[in-house]
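Novice: 3D model of this:
(4 chains)
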There are 2 protein chains.
Amino acid sequence: MSDSRQQGRKPRADVLRNRAALLEAAQRHFLKYGIGTSLEAVAKEAGVGPGTLYRHFPTREALLAAVLQTRTKELAARRADIAQLEDASEALRQWLRAMEEYFSAFSGLPEPLMVAARAQDPGNPLTVPCAALIATTDEYVRAAQLAGHVRPSVQGYDLFLAAVSVAWVKGTGATDDVSLDRLRALVESGYRERDDAA
Amino acid sequence: MSDSRQQGRKPRADVLRNRAALLEAAQRHFLKYGIGTSLEAVAKEAGVGPGTLYRHFPTREALLAAVLQTRTKELAARRADIAQLEDASEALRQWLRAMEEYFSAFSGLPEPLMVAARAQDPGNPLTVPCAALIATTDEYVRAAQLAGHVRPSVQGYDLFLAAVSVAWVKGTGATDDVSLDRLRALVESGYRERDDAA
DNA sequence: TGCGGGTACGGAGACAGCCTCCGTTTCGAT
DNA sequence: ATCGAAACGGAGGCTGTCTCCGTACCCGCA
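Specialist: Reported below is the predicted structural model:
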């Protein structure tokens, strides 16, 4: 994203090729086996040695963050769509749902996201996207509060937590879709103003 | 609990000693490092070989369930206290809080509990206690609904899920107590009847 | 108290995954 | 074509899981 081209050296071809192969293999494995999948297996499938994988992505979170970038952009696009909505309450609902889908991209994703959400830790490559999501949620919450749809005591961070939690429940695979819908309804009636008409 | 004494053989002394030592060591390690702790380390601290640990407790879940039994009894005791309350709404609130504390006994506990909650799997040693908790929650929910304090669409299972989720958030250690309180408040205002006075 | 049979012990070892180090290869610039 | 730098990759050290089987221990009976 902010790939600094300032140093005169241009990137080597094999570097680019390997990075792309790693990202593709990692996405496949994350999708199939969850984020806890064997990184050795990812490297093998990408046709590189483990050393190369760790040079490109020093930690599992770094790899995860890189794989997630595509989805982050998709989420930004949805955000742009949602921002067009006139009904602040509906916008908030859709945004929460979009976040939940994002958090459900890979099984096990909510865990590192929660850890990254405490910010404090600038070394964590997931911290920045998390902070952005919380800030955006807060914007939607405030707008809906101004329109009188959401209780004043609710904060963006609270609904971020709720969305991550629902995604976590979903990810454990222990619950059917109907229960999940009731859980979402519980959250929604939790943040809505009591005397809200809609 | 339902230790079948039907077979004439009486248990050997070393078996009992080792089992007790294992449970104690496991509890210490679960408390300190979470349920993902090294079982080898547990065995070593208990002064037994790995083989002995795995003979007594074939899986991590089996060991976890055994360690959890003490706490399960404590929870049953609290349930008895709570059952004395006259206000059904207050009883439900306290029961949810008691469950949440139970789920927070060890870091990482919510994960296997959710997996066990889907029941389907009678081999899982955590399934039975989970089912009991869900049933109990449902009782409290129905009582509170009869008193008009809880929306009719809410089910015991939903609040079980909510309690596990809050415990999960707590267990990630990523959130301060104030945010956690707001999350609980969100859940509570989610299940309460809108025009409820209390 | 000593003996015998059967149960339980425990550690060696096979296996998998993480991560690093460094000799070798490959790339791009000159 | 050559050279220096940068990247590769796999061997290997480490930790953890789980099993198998020779050995030690415990209980019951004499």
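Novice: residues in chain A within reach of DNA strand C, list them.
Specialist: A:10, A:12-14, A:38-41, A:49-51, A:54, A:58-60 (CB under 7 Å from any atom of the strand). For every residue, glycine as well, the C-beta is placed using N, CA and C.
Novice: my guess is residue A:57 contacts residue A:25. True?
Specialist: No: in this structure, residue A:57 is not within contact of residue A:25 by CB atoms under 8 Å, at 11.7 Å.
Novice: tell me which stretches of chain A form helices.
Specialist: Listed in chain order, the helices of chain A (DSSP state H) span A:13-33, A:39-46, A:50-56, A:60-83, A:88-103, A:110-117, A:127-146, A:156-172, A:177-191.
Novice: need those in a markdown table (columns: distance to DNA strand D and mean pLDDT).
Specialist: Output for the helices of chain A, formatted as a markdown table (distance: least, CB to the nearest atom of the strand, whole Å; pLDDT from 0 to 100):
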| stretch | distance to DNA strand D | mean pLDDT |
| --- | --- | --- |
| helix A:13-33 | 4 | 98 |
| helix A:39-46 | 8 | 98 |
| helix A:50-56 | 2 | 98 |
| helix A:60-83 | 14 | 97 |
| helix A:88-103 | 28 | 98 |
| helix A:110-117 | 18 | 95 |
| helix A:127-146 | 23 | 96 |
| helix A:156-172 | 19 | 98 |
| helix A:177-191 | 29 | 98 |
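Novice: same list, the ones you listed, but as JSON lines with mean neighbour count and distance to chain B please.
Specialist: Below are those laid out as JSON lines (neighbours: other CB atoms under 10 Å in any protein chain shown; distance: least, CB to the nearest CB, whole Å):
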{"stretch": "helix A:13-33", "mean neighbour count": "16", "distance to chain B": "16"}
{"stretch": "helix A:39-46", "mean neighbour count": "18", "distance to chain B": "18"}
{"stretch": "helix A:50-56", "mean neighbour count": "15", "distance to chain B": "22"}
{"stretch": "helix A:60-83", "mean neighbour count": "16", "distance to chain B": "14"}
{"stretch": "helix A:88-103", "mean neighbour count": "20", "distance to chain B": "12"}
{"stretch": "helix A:110-117", "mean neighbour count": "22", "distance to chain B": "4"}
{"stretch": "helix A:127-146", "mean neighbour count": "18", "distance to chain B": "10"}
{"stretch": "helix A:156-172", "mean neighbour count": "24", "distance to chain B": "4"}
{"stretch": "helix A:177-191", "mean neighbour count": "18", "distance to chain B": "3"}
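Novice: nearest to residue B:189, of those helices?
Specialist: Residue B:189 lies closest to helix A:177-191 among these, at 5.0 Å (CB to CB).
Novice: the closest one - contacts with which helices or strands?
Specialist: Secondary-structure packing of helix A:177-191 (3 or more CB pairs under 8 Å, 6 or more residues apart in numbering or on different chains; DSSP states H and E): helix A:88-103, helix A:156-172, helix B:156-172, helix B:177-191.
Novice: so the last one versus helix B:156-172, what angle?
Specialist: So the one you mean is helix B:177-191. Relative orientation of helix B:177-191 versus helix B:156-172 (axes from the mean of the first three to the mean of the last three CA atoms, to 10 degrees): 170 degrees.
Novice: could you give the separation of helix B:177-191 from the chain centroid?
Specialist: 20 Å (CA atoms, centre = their mean, to the nearest Å).
Novice: could I have the CA atoms of it written out in PDB?
Specialist: Only the C-alpha atoms of helix B:177-191 are listed here, as PDB (Å, rounded to 0.1, in the frame of the first residue of the first chain):
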ATOM      1  CA  ASP B 177     -13.100  -3.700  32.700                       C
ATOM      2  CA  VAL B 178     -15.100  -0.600  31.700                       C
ATOM      3  CA  SER B 179     -15.500  -1.800  28.100                       C
ATOM      4  CA  LEU B 180     -16.500  -5.200  29.400                       C
ATOM      5  CA  ASP B 181     -19.200  -3.600  31.600                       C
ATOM      6  CA  ARG B 182     -20.500  -1.700  28.600                       C
ATOM      7  CA  LEU B 183     -20.600  -5.000  26.600                       C
ATOM      8  CA  ARG B 184     -22.600  -6.700  29.400                       C
ATOM      9  CA  ALA B 185     -24.900  -3.700  29.500                       C
ATOM     10  CA  LEU B 186     -25.400  -4.100  25.700                       C
ATOM     11  CA  VAL B 187     -26.400  -7.700  26.100                       C
ATOM     12  CA  GLU B 188     -28.700  -6.900  29.000                       C
ATOM     13  CA  SER B 189     -30.600  -4.200  27.200                       C
ATOM     14  CA  GLY B 190     -30.700  -6.600  24.300                       C
ATOM     15  CA  TYR B 191     -32.700  -9.200  26.100                       C
END
